[in-house]
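Peer 1: below are the sequence and a predicted model; questions follow.
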Amino acid sequence: MNTMFDRRLLQCFDWGLLGLTFAIAAVGLIALYSAVSAGAVEPDLALFKKQLVWYAVGSVVMVVCFLFDYKQFERYANVIYVASLGSLTAVLFLGKYVGGSRRWLPLGPFSLQPSEMAKVAVILILARYYAKIINTEGLSIRDLAIPAFLTALPFGLIVQQPDLGTAMVIALIAGAMTLFVKIERRTLGWLVATFAALVPSVWFFLHNYQKQRILTFLNPERDPLGAGYHIIQSKIAIGSGMLTGKGFLKGTQNALSFLPEQHTDFIFSVLSEEWGLFGSMTVVVLFLLIIAWGLSIAGRCRYPFGTIMAVGVTAMIAWQAIINIGMVMGLLPVVGVTLPFVSYGGSSILTIMMSIGLLMNVSMRRFKFE
Amino acid sequence: MTDYLDNVDSEWFSQRLSAVMGLVVVAFVVLGARLIYLQAIEGREYRRLSESNSIRLRTVDAPRGLIYDAKDRLMADNRPSYNLSVIVKDAQPLLKTIKKLSAYTGIDATELWDRLEKAKGTRAYKPVLLKSDIDRDVLAAIEVNGWDLPGIEVTVSPRRDYIFSPSSAHILGYMGEIGLEDLKNQLFADCKTGDFIGKYGIERSREHWLRGKRGGQQVEVNATGQIVRVLNTVEAIPGQNVILSIDQSLQQTAEQLLEGLAGAAVAVDPSTGFILAMASSPSFDQNAFISGMSHEQWNTLVSDPRHPLENKAIQAEYPPASTYKIISAAAGLEEGIIDENTSYKCPGFLKFGNRTYRCWKKWGHGEVDIIKALSESCDVYFYKVGQELGVDRLAWYARAFGLGEPTGVDLNHEAGGLVPTAHWKKKQLGTSWQKGETLSVVIGQGFNLATPLQMAMVASAVGNGGTRYRPKIVKTIRTAGGKIVYESTPEVSGRLPIGKKTLSIIRQGLFNAVNDRHGTAWRSRLDGVAMCGKTGTAQVVGRREGEESGEPIKDHAWFVAYAPQNEPKIAVAVIVEHGEHGSTTAAPIAAEMIRFYLSGGKPGKNQKPELSPASTLQGD
């Protein structure tokens, strides 16, 4: 291990990113505190405390991720990817069966979700591959074969759990990275045309109940006792916040009592109800800033792997934020995608802190040439 | 690095990153605009909805399918059950409200607070169940004083009501709260905690037919929790009705006859295999399960040495005793060891090896042929037959008659009985088969075990001329609207491996057992109907593992029969634990059941068979 911690690196440390991270993490913790405490006949703060622990552990993980030159991650991307596939397979057999799916691997007192870490593994391995074959003409169908395969494997395993939300996010991250790296115009045309042709023919072959499921998925109002109900409640919660919100811990008395998953999928609704437009816009802007920061880090990087990886990480944050916030406002169908930094979830926090660590890594080594 | 990189430079990257950023900004602008729409533009309306008018979900329970007997008499119904709940948020100040509730209804306040304690952590908007199944007085008190009890609500849900309870308790079964294990099961995907599901009997084995599908409503309520309007409804689908093959009046007759005794009585239709009655005594009150039992009540039931919760007709295994001789006779005749003329002398005992095997008749039966052996139940005759047959050949016939494995009736927990073979003994007990043990087996003692249902099916097969049917208890399943979704048809399990001649000899023996003056069941013969049957007396050593034994216990009494002799309409098996002699205790029960059924339900003298002391004239 040649370079560990150069003094120069400290000077290039990205304090801005760190600041943004703290800001959004703080926002997340406050929102979580409210989501788990107020409204119940008696509050149960266990989840909040757990989240704090996860953030603490996550901070350590973040530091570890920028201690070593990120090129080490490029070297070991294969190993990480295979290990991730291994854990995804393991969870299908050894995972805890909760609410109809197996997503968690029990490890002593904790449980880890391999599908979360898989996002980073996919980002790393795709970045490594694309860095080698990137060119200004764009990728051809041949070039896309391997990335498609590399994405399909974890995608398929995660779909088996079943966890369609996370699988979809992985596919979207891979898609974003691929489009960023550019697809040759002709190939892109073919892909779009094939997709456009496939969708109606696949629709034709679906069973009626499957069609109903998809229609209800796309329009939750069709399911008044299930998803449709949740979305109505979520919109009421958000809208009722008005401009300044109902106040900390005062929101959850009302519409939110009907929302399931207040500490995970619908936590943005909690936040919006209590802090109103000022609060919700602040969070939206914070996410936009982090995304912009991530893209600028990608731009300042001189090493293709670093650039592509930074784009991948940023895409992960962006997709999850857009989908989750869009969903709770009734703009997008209901999928199980959590809001980074804010939703409760140990593996989710670890993953996001790891990702920030990688961004820090790329940022502070932007002047290194090798 | 490849040479591609010459083209790909920071300029190129910058361009692409700008494009990405552009897309992201567009997405976020959309999100921001939506937020402004919801919170700024429509904010006031949403605030109104969240405060005074709330949108809530109400579940609508589906009524459970009903259970009828063969003559369409209702056996299990649903009745309305009133549940008292409180919605904490609406019931403020809580202390005062609970106090008032207690005062109006007479329910102890500590009981109410207890329930609230247990519900800690529930959302303030969700109803907390305070008391289920309240009676009409409490209901009235709440309705009258509703204006003074904010947040208190009474909901109706259907509860099971067993009309004839405790009759048919083991058949219908009972319900109980769904357990954690079941909730994880796919079969119960639409259930939630607190739901009642079938736990035993038909309630359980036909659970998925009986359970309907829950529905719900999206409603808007006002500040005091009253429904202002219904926004959306999903209809509840009622469960399907199950029609049994049981004849409830015959069932009740059988239960009355068994009252005070421990045992079982099974009646089937020999031409179809449909079960007409299945009584197990002692029984239990099914309705007690619905209204909630105390721990003491449950413990009493579970620790009762006469096992009221067990359906003895299918779960209890007994040595078939002399009723097994039907099988021994069939084996002996088919294998050519005896024929209708073969005669042995019975002096009241047989010496074999260095042991003496006794006949139940101390001074012996004298010259005996197969028909007399069956009719007067001579042990020595069968000892001789058994000696020649050997245990394995007997086992083959026993299995061919349906013993040794469950019949496949549509109820859970059916036991299979036991048919011993030499191989079995070696494997289970580690010792080889002793020839002397065959003598016990051939008269239905020893390791032999059978359930009353299995023996009823033996009688049925002999009665109908050799066809073995699979016993069934569910006849039809209908939707709530009356449409038939399932119709049960007789299912043949096999044929008895005996020729016409053998069968007619056995049938004659069974006829004589009842209708000949020396037959063991002479005292139970019926006027005008030729009942045919076989008595049995099972020695009780120690009933099953883990049971108390030691005191001198009376033997179990068996009787199997069919009637009338030609084209029988009913076959019966009765066992009375510790009834001592088949002829004195079991046979009269079976006879009365048959008489009742064949006469179309005319009430008879209904005399309970007395547990008379051991008689030397009749018995077995």
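Peer 2: In hand now; what should we look at? Residues are numbered from 1 along each chain as shown, chains lettered A, B, ... in the order given.

Peer 1: element containing residue B:266, please.
Peer 2: Following DSSP states H and E, the helix or strand that holds residue B:266 is strand B:263-268.

Peer 1: that strand: partners in the sheet, and parallel or antiparallel?
Peer 2: strand B:275-281 (antiparallel), strand B:570-576 (antiparallel) (DSSP bridges).

Peer 1: I'd like those laid out as CSV, including distance to residue B:447, mean neighbour count and mean pLDDT.
Peer 2: All C-beta atoms are positioned from the backbone trio N, CA, C, and that covers glycine. As requested, the strands paired with strand B:263-268 are exported to CSV (distance: least, CB to CB, whole Å; neighbours: other CB atoms under 10 Å in any protein chain shown; pLDDT from 0 to 100):
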stretch, distance to residue B:447, mean neighbour count, mean pLDDT
strand B:275-281, 24, 28, 94
strand B:570-576, 18, 32, 95
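
Peer 1: columns distance to residue B:345 on top of those strands, output as a markdown table?
Peer 2: Shown next, in a markdown table, are those (distance: least, CB to CB, whole Å):
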| stretch | distance to residue B:345 |
| --- | --- |
| strand B:275-281 | 41 |
| strand B:570-576 | 32 |
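
Peer 1: out of these, flag the one nearest residue A:278.
Peer 2: strand B:275-281 (71.8 Å; CB to CB).

Peer 1: for chain B, longest strand please?
Peer 2: Secondary structure of chain B per DSSP state E: the longest strand is strand B:74-86.

Peer 1: ok, residue A:313 - contacts?
Peer 2: A:120, A:123, A:294, A:355, A:358, A:359 (CB atoms under 8 Å, 6 or more residues apart in numbering or on different chains).

Peer 1: could you find the closest non-adjacent residue to it?
Peer 2: Nearest residue to residue A:313 in three dimensions, chain neighbours excluded: residue A:355, at 4.5 Å (CB to CB, 6 or more residues apart in numbering or on different chains).

Peer 1: who touches stretch B:423-439?
Peer 2: So stretch B:423-439 is in contact with B:350, B:352-353, B:355, B:357, B:383, B:386-387, B:389-392, B:394, B:420-422, B:446-447, going by CB under 8 Å, 6+ apart.

Peer 1: on that earlier part again, tabulate the contacts of residue A:313 (TSV), appending secondary structure, distance to residue A:26 and pLDDT.
Peer 2: As requested, those are arranged in TSV below (DSSP: H, G, I helix; E, B strand; the rest coil; distance: CB to CB, whole Å; pLDDT from 0 to 100):
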residue	secondary structure	distance to residue A:26	pLDDT
A:120	helix	23	95
A:123	helix	26	95
A:294	helix	19	95
A:355	helix	18	95
A:358	helix	21	94
A:359	helix	19	94
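
Peer 1: still on that earlier bit, now, which of the contacts of stretch B:423-439 lie within helices?
Peer 2: Using DSSP state H, the members of these that fall within helices are B:383, B:386, B:387, B:389, B:391, B:392, B:394, B:422.

Peer 1: average pLDDT for the strand holding residue B:266?
Peer 2: If you average the pLDDT over strand B:263-268, you get 95.

Peer 1: what's it in contact with?
Peer 2: B:250, B:254, B:257-258, B:274-281, B:311-313, B:316, B:452-453, B:455-457, B:460, B:469, B:471, B:556-557, B:570-577, B:579, B:586, B:589-590, B:593, B:597.

Peer 1: quick one: the closest residue to chain B within the stretch 151-300 of chain A from residue B:39, how far?
Peer 2: At 2.7 Å from chain B, residue A:239 is the closest residue in the stretch 151-300 of chain A, using CB to the nearest CB. Residue A:239 sits 6 Å away from residue B:39, going by CB to CB, to the nearest Å.

Peer 1: picking up where we left off before, tell me which of the ones in helices among the contacts of stretch B:423-439 is nearest to chain A?
Peer 2: For those, the nearest to chain A is residue B:422 (44.3 Å; CB to the nearest CB).

Peer 1: you'd agree the closest one is up against residue B:392?
Peer 2: Yes. Counting by CB atoms under 8 Å, residue B:422 does reach residue B:392; the two are 5.9 Å apart.

Peer 1: ok, back up a step: what about the longest strand of chain B, near chain A?
Peer 2: No. Between strand B:74-86 and chain A, judged by CB under 8 Å from any CB of the partner chain, nothing touches; the nearest distance is 10.8 Å.

Peer 1: strand partners (parallel or antiparallel) of that strand?
Peer 2: strand B:67-68 (antiparallel), strand B:128-131 (antiparallel), strand B:152-162 (antiparallel).

Peer 1: next structured bit after that strand?
Peer 2: helix B:94-105.

Peer 1: any idea of the angle that next one forms with strand B:152-162?
Peer 2: Angle, helix B:94-105 to strand B:152-162, by axes from the mean of the first three to the mean of the last three CA atoms, to 10 degrees: 50 degrees.

Peer 1: no further queries at this time; thank you.
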